[in-house]
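Asks: let me see the structure of the following:
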Amino acid sequence: MSEVIAVETRGLLFDMDGVLISSIGSVNRCWTLWAKHYNVDVDWALTITHGRRAIDTVKILRPDIDPEEGLRYVEDLEVDDNEDLKILPGVAELLASLPVGSWTIVTSATERLATARLKHAGLKLPEKMITANNVDNGKPHPEPYQRGAAILGLTSAECVVVEDAPSGVGAGKAAGSPVLGLLTSHTAEEIRDADWIIPSLADLKFEATSDGRLRLQFPAMR
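Replies: Predicted coordinates for the structure are as follows:
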């Protein structure tokens with residue numbers, strides 16, 4: 001029988017894409033169209049988009065264009081493309097049962113796109129969340145997760161970050177949070193800096209303690 005790890009925390013900070021929902025099909029289709037529109041190598045574009053704010057991707061791929069124009073183009077494409085968007089295993093049950101105010105979402109998506117995707121998926125939204133619109137520095141900078149913890153009234157060290165991408169894992173670690181990595185989009189080697197790694201949120205169980213903490217339990221993979 002696998003060893004079970006137990007961790008106590010005061011808050012959970014979830015990335016969105018690749019953690020709560022899968023929108024990889026939309027991301028790939030829309031950034032392919034964007035790259036062709038702006039005469040950028042498609043393979044290069046798809047290599048750097050995951051886990052990064054769209055506006056930062058635009059600045060890397062086409063530093064010579066108006067970044068807001070490039071952002072609007074891809075945002076419009078992605079908001080309209082929900083063809084194969086799906087909730088990942090274990091997510092709906094977990095979010096429905098977590099105490100209010102104990103969790104939030106910290107995503108590189110814009111507020112418009114994040115809200116559209118979460119509503120399309122039918123997922124419960126937190127009272128407040130951190131999107132690309134709320135930060136000056138995107139992941140892997142620590143600012144997104146520092147701000148995510150702050151809206152819960154906590155420090156980032158008091159929260160567990162749940163991530164699937166190297167840039168997000170790096171952001172969580174830089175913010176001083178322990179990081180739970182998911183194997184939903186990257187390999188264990190790619191997210192090796194996470195403190196723990198599990199296949200998906202279907203493997204995460206929790207119970208609320210008498211002092212308002214969350215006791216997380218999941219199987220040890222390493």
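Asks: CA only for contacts and neighbour counts going forward, please
Replies: Fine.
Asks: any idea how many residues pack against His37?
Replies: His37: 11 surrounding residues under other Cα atoms under 10 Å.
Asks: dihedrals phi and psi, it?
Replies: phi -60, psi -40 (degrees, to the nearest 10).
Asks: any idea how far it lies from Val169?
Replies: 31 Å (Cα to Cα, to the nearest Å).
Asks: just Pro142 next, same as before
Replies: From Pro142 to Val169 the distance is 10 Å (Cα to Cα).
Asks: got it, and Lys205?
Replies: Taken as Cα to Cα, the span from Lys205 to Val169 is 21 Å.
Asks: so Pro142 and Val169 - more neighbours on which side?
Replies: Using other Cα under 10 Å as the criterion, Pro142 and Val169 rank with Val169 on top: 30 against 21.
Asks: secondary structure element holding the more buried one?
Replies: For Val169, the element it lies in under DSSP states H and E is helix 166-175.
Asks: what lies in contact with that helix?
Replies: If you take Cα atoms under 8 Å, 6 or more residues apart in numbering as the criterion, helix 166-175 is touched by 15, 51-52, 139-146, 156-157, 161, 163, 178-179, 181, 190-191, 193-194.
Asks: who's Asp7 bridged to?
Replies: Actually, residue 7 is Val. It isn't Asp. The partner list for Val7 in beta bridges (DSSP bridges) reads Leu216.
Asks: next one: Lys86
Replies: Beta-bridge partners of Lys86, as defined by DSSP bridges: Ser22.
Asks: residues contacting Trp31?
Replies: Val42, Ala45, Leu46, Val74.
Asks: what subset of those residues is buried?
Replies: Taking 16 or more other Cα atoms under 10 Å as the criterion, what is buried in these is Ala45, Leu46, Val74.
Asks: put together CSV for these, with secondary structure on each row.
Replies: As requested, the buried ones among the contacts of Trp31 are arranged in CSV below (DSSP: H, G, I helix; E, B strand; the rest coil):
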residue, secondary structure
Ala45, helix
Leu46, helix
Val74, helix
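Asks: Leu118: which of these is nearest?
Replies: Checking the buried ones among the contacts of Trp31 against Leu118 by Cα to Cα gives Val74 as the nearest, at 17.9 Å.
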